[in-house]
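> Sequence below, structure please.
(chains A and B)
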Protein chains: 2
Amino acid sequence: MRIKDRNFISVKGLKSEFERLKNLTNFSVKQIPFSQLDSWHFEEDSGNIVHSSGKFFRIEGLRIETNFRYPGFWEQPIINQPEIGILGIVTKIIGGVRYFLMQAKVEPGNVNIFQLSPTVQATKSNYTQVHKGKQPLFLDFFLNGSKAKILVDQLQSEQGAKFLRKRNRNVIVEIDQEINLPPNFYWLTLRQIKELLAIDNFVNMDARSVLSCFPLTAQEGDGIYTKSQIASWIQGLRSKYKCQTESIALKDVRGGWHIDDWQISHESRTFFSIIAVSVKVEGREVRSWSQPLLKPSNIGMVGFLTKRIKGVLHALVQAKVEPGYINTCEMAPTVSYSDPEQRLKSGQLPPFAELFIKATPEQIKSSVIFSEEGGRFYHSQNRYMIIEVGENEELEIPSNYIWMTFDQLLDFTGQTSLVSVEARTLLSCR
Amino acid sequence: MRIKDRNFISVKGLKSEFERLKNLTNFSVKQIPFSQLDSWHFEEDSGNIVHSSGKFFRIEGLRIETNFRYPGFWEQPIINQPEIGILGIVTKIIGGVRYFLMQAKVEPGNVNIFQLSPTVQATKSNYTQVHKGKQPLFLDFFLNGSKAKILVDQLQSEQGAKFLRKRNRNVIVEIDQEINLPPNFYWLTLRQIKELLAIDNFVNMDARSVLSCFPLTAQEGDGIYTKSQIASWIQGLRSKYKCQTESIALKDVRGGWHIDDWQISHESRTFFSIIAVSVKVEGREVRSWSQPLLKPSNIGMVGFLTKRIKGVLHALVQAKVEPGYINTCEMAPTVSYSDPEQRLKSGQLPPFAELFIKATPEQIKSSVIFSEEGGRFYHSQNRYMIIEVGENEELEIPSNYIWMTFDQLLDFTGQTSLVSVEARTLLSCR
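Numbering: from 1, shown residues only, chains lettered A, B, ... in the order given. The predicted structure is shown next:
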């Protein structure tokens, strides 16, 4: 097949294209004091940070009581974004090959300005025009009444430690009509996307989340547990673990959180802080706005421990409680923690973390740094690893961990809010 | 096969057994002023009704903003019971026949004292002994480490207009060991349970919910829409509809709600009220306690409209928004409303309701009154109907309704919090 379209681009070409876009774009993100936020303010009484329209998202307080790991309670700021947005990728078979329509997108929190994003990334406020901006391109393919063929359509959760019950629709639709590609949009094959997923901070969180639900690799063999055994394991833990949350006023959050003119932060300098930024993007058009962002204190660590059992590769999945999860706990990676350096210094490593630290090059199957949602998080990065230990490695497995194949985990992404966003990222780059 | 065990009982025998139990039991439920509640009080500041242990459930306020049907907002009292309990039924194949272990159970809100209930009905506070009572019988079969074979294990929602994000684990486990049946427990076949499901107020809500997830009937044929088309329909509506909720202090609930010494009620005398009751049950043992209950103002109406399409029976499923739902909307019956008499008088009937009112005897496939959860609701009853209209009946279907077969609906019960508790009840008695 002869490819004429200029958007059928090589991986190398796409990388230079991203460099070119960066050079063409004047991008400035400047921290400002909260008082200089435009359209955002501290709500009277609660002190919550809200948008003047009442929409988008708000920063409020949460009190959590749980019996996960050890019984206790704490309070923290959290992002409440109750609306369900659409993360959508258009796919099309062209000349017998499946292509995915991806875009280069700027987000204020990105470490590197542009990242590869889904075709459509639309909050509800976004596509119902609260911004008074343009309707996102290609949105119509994802709305009711679209004639496109739906391949994936799932409601997935996001970071439960930072978002209160946030979910987005993850959708992949297949089209067969011709479309004119606007600038910054590219048709890419799965093989190309897999290659790009090996590059630090290239593919954004929303793209990883949507792609994770699409079967990427061949079946690997049967897991040692059946689907219903695994389902029962997680439901059992969902009723065993308690995670009782209560929304409280941001100004009432206790336990070491302090607010000043520039940030809301924890006295331990761990976790995260809430900051305000002023953003200006000058490319083909000029856009400027200000907004609050959540800024993590560290680069986190996320990883799946894998091992062949009876010849079949299994990943060790953790049932993890996070306060923002809708169903108490979700299927999470073996390790997932936000403060690797402090933990290493204090010697308080979570279960299995040492295996990742000591992993030999042959054991490391994948290791890449990804950014999390640049529209809400400022420079939020995690190292994602998959390591494989020897078949004879003896491991003691606590009751909230279970071995399953990646295919089984992929199957569970079909359930609403069951496989965590970090686990989905690892699914996409296995 | 010769049946020796006294608990292999006929339907007629079970009905007299229930009568006998009622006669043996002194059951008194008396409305009391809130001030006479023992261990329950109005929390300072919020005015929420809470238990002194901080556990069980609490009555608080909720502010709701939605664009479902018509844009608007309102405030109401709601039950917040964040813990996930277990509703479990033990099943066993005896002499080639499947039996379900059911119990006759007293609940304070029951219109008729005893109702047929699952083997185990345990809130978390319940089985972690907050009451300092006995551990529920047969609970061990449902806890981690049980050797029983799991047939069903699902997290299901309950009434979203009255509960804030309440879910229970619905579990069916199969055992093969011998067990000694304590009083009030009975082995029943599916055929017997189906027969009992035709009797008003005999089978309780929790039993209906658990049984609804078990395939009861033979496959009927293919639906006109595929599973992924239906999934996309509901996900589309979940992102289209907004239902933004905010927990507020019970004392701050506005919009016609008033509190006096005896009740919290709405000035329109519709919806429901919150009352306090003192309960005394004298049977083999004496138990007495007091608690708040939610008392609906009317007997509600719930129903599926069905119709053969291309020869296959389809039910008209509604995507319905309720404030307590975790995922904005769930798959609900065609009609489901709490105030049929007022609606009839005012002429403001919901879509399709008229078809149920005018249904001829031949069109009515099922019509029975069921009670809702007697541990939280006082005399809460709904009429449940299934009607079938002729294949040639032309109906205009609004975008939040879709035709599917009961087998497809049953398949969707496998997803967490997707099929509403009212729809599950109708699934169990189809």
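
> same question for stretch A:337-354, mean pLDDT?
In this model, stretch A:337-354 has a mean pLDDT of 92.

> likewise stretch A:392-409?
95.

> That stretch: which residues count as buried?
Judged by neighbour count (16 or more other Cβ atoms under 10 Å in any protein chain shown), stretch A:392-409 contains these buried residues: A:Asn400, A:Tyr401, A:Ile402, A:Trp403, A:Met404, A:Thr405, A:Phe406, A:Asp407, A:Gln408, A:Leu409. In this view, the C-beta of every residue, glycine as well, is placed from N, C-alpha and C.

> for those residues, which one is nearest B:Leu293?
Ranked by distance to B:Leu293 (Cβ to Cβ), the buried residues of stretch A:392-409 are led by A:Asn400 at 36.0 Å.

> Can you give me the distance of the closest one to chain B?
Using Cβ to the nearest Cβ, to the nearest Å, A:Asn400 is found at 10 Å from chain B.

> Looks like that residue contacts A:Leu237 (just checking).
Yes. Applying Cβ atoms under 8 Å as the test, A:Asn400 and A:Leu237 come out as touching, 5.7 Å apart.

> just checking, what packs against the lowest-mean-pLDDT helix or strand in chain A?
Least confident helix or strand of chain A, by mean pLDDT, DSSP states H and E, is helix A:124-127 with a mean of 74. On a contact count with 3 or more Cβ pairs under 8 Å, 6 or more residues apart in numbering or on different chains; DSSP states H and E, helix A:124-127 meets strand A:85-94.

> who are the neighbours of the strand it packs on, in terms of helices and strands?
Judged by 3+ Cβ pairs under 8 Å, 6+ apart, the packing partners of strand A:85-94 are strand A:97-106, strand A:120-122, helix A:124-127, strand A:167-174, helix A:205-212.

> looking at the ones you listed, which is buried most?
Of all these, helix A:205-212 has the most neighbours on average by mean count of other Cβ atoms under 10 Å in any protein chain shown, namely a mean of 27.

> How far does that one sit from its chain's centre?
In terms of Cα atoms, centre = their mean, to the nearest Å, the centre of helix A:205-212 is found 7 Å from the chain centre.

> anything in the helix or strand just after that helix sitting right up against chain B?
Sequence-wise, the next helix or strand downstream of helix A:205-212 (DSSP states H and E) is helix A:227-240. Yes. Using Cβ under 8 Å from any Cβ of the partner chain, helix A:227-240 comes into contact with chain B via A:Ser228, A:Gln229, A:Ala231, A:Ser232, A:Trp233, A:Gln235, A:Gly236, A:Leu237, A:Arg238, A:Ser239, A:Lys240.

> picking that back up, and which of the buried residues of stretch A:392-409 is nearest B:Asn168?
Using Cβ to Cβ, the buried residues of stretch A:392-409 come closest to B:Asn168 at A:Asn400, 20.6 Å.

> So A:Gly160 sits against A:Ser420, correct?
Yes. With contacts defined as Cβ under 8 Å, A:Gly160 counts as touching A:Ser420 at a distance of 7.3 Å.

> shared neighbours of these two, which are they?
With contacts taken as Cβ atoms under 8 Å, 6 or more residues apart in numbering or on different chains, A:Gly160 and A:Ser420 have A:Glu322, A:Glu330 as neighbours in common.

> can you tell me which residues contact the residue positioned nearest the centre of chain A?
Among the residues of chain A, the one closest to the centroid is A:Met205, at 4.2 Å (Cα atoms, centre = their mean). Residues in contact with A:Met205 (Cβ under 8 Å, 6+ apart) are A:Phe370, A:Ser371, A:Glu372, A:Glu373, A:Gly374, A:Val421, A:Thr425.

> Name the member of the residues you listed with the most neighbours.
A:Gly374 (27 neighbours; other Cβ atoms under 10 Å in any protein chain shown).

> What does that residue show for phi and psi?
phi -70, psi -10 (degrees, to the nearest 10).

> Once you drop chain neighbours, what's closest to it?
Closest residue to A:Gly374 apart from its sequence neighbours, by Cβ to Cβ, 6 or more residues apart in numbering or on different chains: A:Glu107 at 2.9 Å.

> follow-up on the earlier one: quick one, which of the residues of helix A:227-240 next to chain B are buried?
Neighbour-count burial (16+ other Cβ under 10 Å) applied to these gives A:Ala231, A:Ser232, A:Trp233, A:Gln235, A:Gly236, A:Leu237, A:Arg238, A:Ser239, A:Lys240.

> Get me the contact residues on the stretch 151-300 of chain A for chain B.
A:151, A:153-155, A:165, A:167, A:169, A:171, A:228-229, A:231-233, A:235-240, A:242, A:244-247.

> which residues of the stretch 151-300 of chain A score low on pLDDT?
Confidence mapping of the stretch 151-300 of chain A against pLDDT under 70 gives the ranges A:216-218.

> again with the stretch 1-150 of chain A
Scanning the stretch 1-150 of chain A for pLDDT under 70 picks out the ranges A:1-7, A:128-133.

> show me where the stretch 1-150 of chain A has strands.
Per DSSP state E, counting those that start in this stretch, the stretch 1-150 of chain A carries strands over the ranges A:26-32, A:40-42, A:49-51, A:58-66, A:72-80, A:85-94, A:97-106, A:114-117, A:120-122, A:149-157.

> between these, which gets nearest to A:Gln192?
Closest to A:Gln192 of the strands of the stretch 1-150 of chain A is strand A:97-106 (Cβ to Cβ; 8.8 Å).
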